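Trainee: how does the following fold in three dimensions:
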Amino acid sequence: MTTTNVDSTVFPPITTNAVPDDSLPPLPILDPEVDFVAFCEAYTVELASPLINPRNPDEPTFHEAMNSPNSDKWILGIQDELKSLRDMGVYKLVPRSDIPTGRKVLRGKWVLLLKRDENGNPVRHKARFVVKGFEQVFGQDYVDTTSPTTRMESVRLLLNIAATKDWDIQQIDVKTAFLYGLLPPDEVQYLEQPESFAEPGKEDWVWCLQRGLYGMKQSGRIWNKTMHKAMLNWGFRRLHADPCVYYRVTPLGTVLSAVHVDDFLIVSSSPEASRSFKEELKSLWTISDLGEARFCMGIAITRDRANCFVSISQTALIDCIILQFGQTDADPISTPMDPSVAKSLTRPSPSDPPLSDADSLELARIPYRSLVGSLMYLAVGTRPDISFAVAHLCQFLDCYRHAHWNAAIRVVRYLKGTRLLTLTLGGDPELDLVGFSDSSHADCPDTARLTMGYCFSVGGAIFTWSSHCQKTVSNSSCEAEYIALSEASREALWLCQFLREIHLLKQSPTILLCDNNGAKALSSDLTHHSRSKHIDVHHHFICECVEDGSLTIWHVPGHDNVADIFTKALPCPDFTRLRPYLGLR
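Mentor: Modelled structure (predicted):
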């Protein structure tokens, strides 16, 4: 197949007015001369500090809630939960003497959550009585536990389709979804009554569970199978590309539904098709009809129907992280990671002196894993601009030091200055699939492995991306780019399968752009045997994709390769130049 260079009229050069890093205040916590004890005092790192709370303050323990000013609201939430359990026949009370010999009585706990809207305002004091599933015994209490959830890429793709086609976007929530699944006869569980809420006169009795309950290892699977059976009965077809996305065409219109546990994001070609589906849901389950989608899976959704755009953001989560990790008074910074710092972050070597007891204690008090985990949800949700920084920090979850914590705090300071950025989807009605691929050769100081990244757009809006360190060492930049192309091709085929199943895939090959002519040549012609004979055979998958017409490889100048932002920590001018092309505005 003949490959083609990028036409500058189709893909114009990327230009912008970048702001240099020097225009912003210095980052004090990145100063290596600062004593770490002084840093702890200045930034209040210790867990006892009121400025940093590694546990979400919106998730109090039962005793904290009962002693809080809002205890009456929490009690109402608990009473609502207990009423739901009784009304749905989740359990029946039995004397403790009725428990078969050898069966374990499980314990439960209250999980409380202050639910907020897209602006971070409290809307509900939610209570769940959950089983301590870690006490369950495999083979006696449960066997299978697998339960799928929808991919974030699928959600963004559906929103992108809805924006470009001006389709209806609705959201519903199934109340107490796990309680609708019946337990198999051989998996009936016994559970102690809730603390402080035991049945009067039967305090020593136990619950014999008849239905799934939150916390049980198999409850998610039971609900998913119950939901799946209902969807098939209503004429839906589950996509092979994503088992939690369902598709149906009726005279009323086309309906696509992404299911995340008990949340349904509904995209339909007409409001009548959405209403029909909601009525079917109401016929079996109690649902909350949330109307037009505004806040789903922690992501705020705003829509500009006149210009065919949908914008998604996680501003409320960013604000929570800033408060939780004591950065309310910190100065913003212009990039998530400094290039020189990124290269200096390494794993401890055997030759390094062992940590002192004082240093070990200080490190144990630093909520590094909690912070990186919070940043990870932003990186996979709506903020591709921090993907490289977060992926890099994830390599040190088991061996972090003070420098790693400082680098993670820098990401928070960057988010503070860009908290209002939103990821924009939609715009172009032509749903052409285009991808960018790039790699950074041997940039890992510990393993000399490559860091690769890719992103894909439909109709010009980037909706899926990745940044991660490969497991192999490459001998040249050409080989590194070739391996990155191979990885990106797998994502491209998955996206093609998704679009094909919903009848939106065009027949033309998917365009995949890279900035290395050698890798482009290898992908279409493996005659350079001396250069490629050592490359692992599974990376040559890209050649079959090019040969059968699934993909076509185009060359893009390195300066204009959007995927470059996923492979390294870029200087401020390059970073701010590429960021708008991710759709962040």
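Trainee: give the bridge partners for residue 105, please.
Mentor: When bridges are called by DSSP bridges, residue 105 pairs up with residue 190.
Trainee: burial measure for it, as a count.
Mentor: By other C-beta atoms under 10 Å, 13 other residues sit near residue 105. No exception for glycine: its C-beta is placed from N, CA and C like everyone else's.
Trainee: got it, and residue 139?
Mentor: Residue 139: 6 neighbours (other C-beta under 10 Å).
Trainee: what of the one 4 residues further on?
Mentor: The burial count assigned to residue 143 is 13, neighbours taken as other C-beta under 10 Å.
Trainee: thought it was touching residue 218?
Mentor: Yes. With contact defined as C-beta atoms under 8 Å, residue 143 counts as touching residue 218 (7.5 Å).
Trainee: can you mark which positions in stretch 413-421 are buried?
Mentor: Within stretch 413-421, the residues that qualify as buried are 413-416, 418-419, 421, counting by 16 or more other C-beta atoms under 10 Å.
Trainee: on that earlier part again, any residues in contact with both of residue 143 and residue 218?
Mentor: Common neighbours of residue 143 and residue 218, counting by C-beta atoms under 8 Å, 6 or more residues apart in numbering, are residue 187.
Trainee: residue boundaries of the helices in the stretch 51-200 of the chain?
Mentor: For the stretch 51-200 of the chain, the helices defined by DSSP state H, counting those that start in this stretch occupy 62-66, 71-87, 152-165.
Trainee: let's have the buried residues of stretch 413-421 in a markdown table, adding distance to residue 119.
Mentor: A markdown table is the format used below for the buried residues of stretch 413-421 (distance: C-beta to C-beta, whole Å):
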| residue | distance to residue 119 |
| --- | --- |
| 413 | 23 |
| 414 | 22 |
| 415 | 17 |
| 416 | 17 |
| 418 | 18 |
| 419 | 13 |
| 421 | 16 |
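Trainee: restricted to helices, list those.
Mentor: Judged by DSSP state H, the buried residues of stretch 413-421 include 413-416 as members of helices.
Trainee: what's the closest of these to residue 294?
Mentor: Nearest to residue 294 out of these is residue 415 (C-beta to C-beta; 21.8 Å).
Trainee: wait, isn't the closest one in contact with residue 320?
Mentor: No. Taking C-beta under 8 Å as the definition, residue 415 is not a contact partner of residue 320, at 11.0 Å.
Trainee: which stretches of the stretch 201-350 of the chain form strands?
Mentor: Along the stretch 201-350 of the chain, counting by DSSP state E, counting those that start in this stretch, strands occupy 206-209, 237-238, 245-250, 253-260, 263-268, 287-292, 295-296, 299-304, 309-313.
Trainee: what's in contact with the last one?
Mentor: Just to be clear, that refers to strand 309-313. Looking at what lies outside strand 309-313 - C-beta under 8 Å, 6+ apart - the contacts are 156, 159-160, 162-163, 169, 299-304, 381-382, 420-427, 585.
Trainee: what pairs with it, parallel or antiparallel?
Mentor: strand 299-304 (antiparallel), strand 423-426 (antiparallel).
Trainee: can I get the helix or strand following the last one in PDB? Just the C-alpha atoms.
Mentor: Per DSSP states H and E, strand 423-426 leads on to strand 433-440 as the next helix or strand towards the C-terminus. Output for strand 433-440, consisting of C-alpha atoms alone and laid out as PDB, is shown next (Å, rounded to 0.1, in the frame of the first residue of the first chain):
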ATOM      1  CA  LEU A 433     -10.800   8.400  12.800                       C
ATOM      2  CA  VAL A 434      -7.300   9.700  12.900                       C
ATOM      3  CA  GLY A 435      -4.500   8.800  15.300                       C
ATOM      4  CA  PHE A 436      -1.100  10.200  16.400                       C
ATOM      5  CA  SER A 437       1.800   8.000  17.700                       C
ATOM      6  CA  ASP A 438       5.100   8.900  19.200                       C
ATOM      7  CA  SER A 439       7.800   7.600  21.400                       C
ATOM      8  CA  SER A 440      10.800   8.800  23.400                       C
END
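Trainee: begin at 549 from here
Mentor: All right, first residue 549 from here; so that's strand 981-988.
Trainee: what's the average pLDDT for strand 981-988?
Mentor: The average pLDDT within strand 981-988 is 93.
Trainee: ok, stretch 929-945 next?
Mentor: For stretch 929-945, the mean pLDDT works out to 95.
Trainee: what about it, start to end distance?
Mentor: Taking C-alpha to C-alpha, to the nearest Å, stretch 929-945 runs 21 Å from one end to the other.
Trainee: hey, what's residue 795 bridged with?
Mentor: Here residue 795 sits in beta bridges with residue 785, residue 804, going by DSSP bridges.
Trainee: and it, how far from residue 762?
Mentor: 29 Å (C-beta to C-beta, to the nearest Å).
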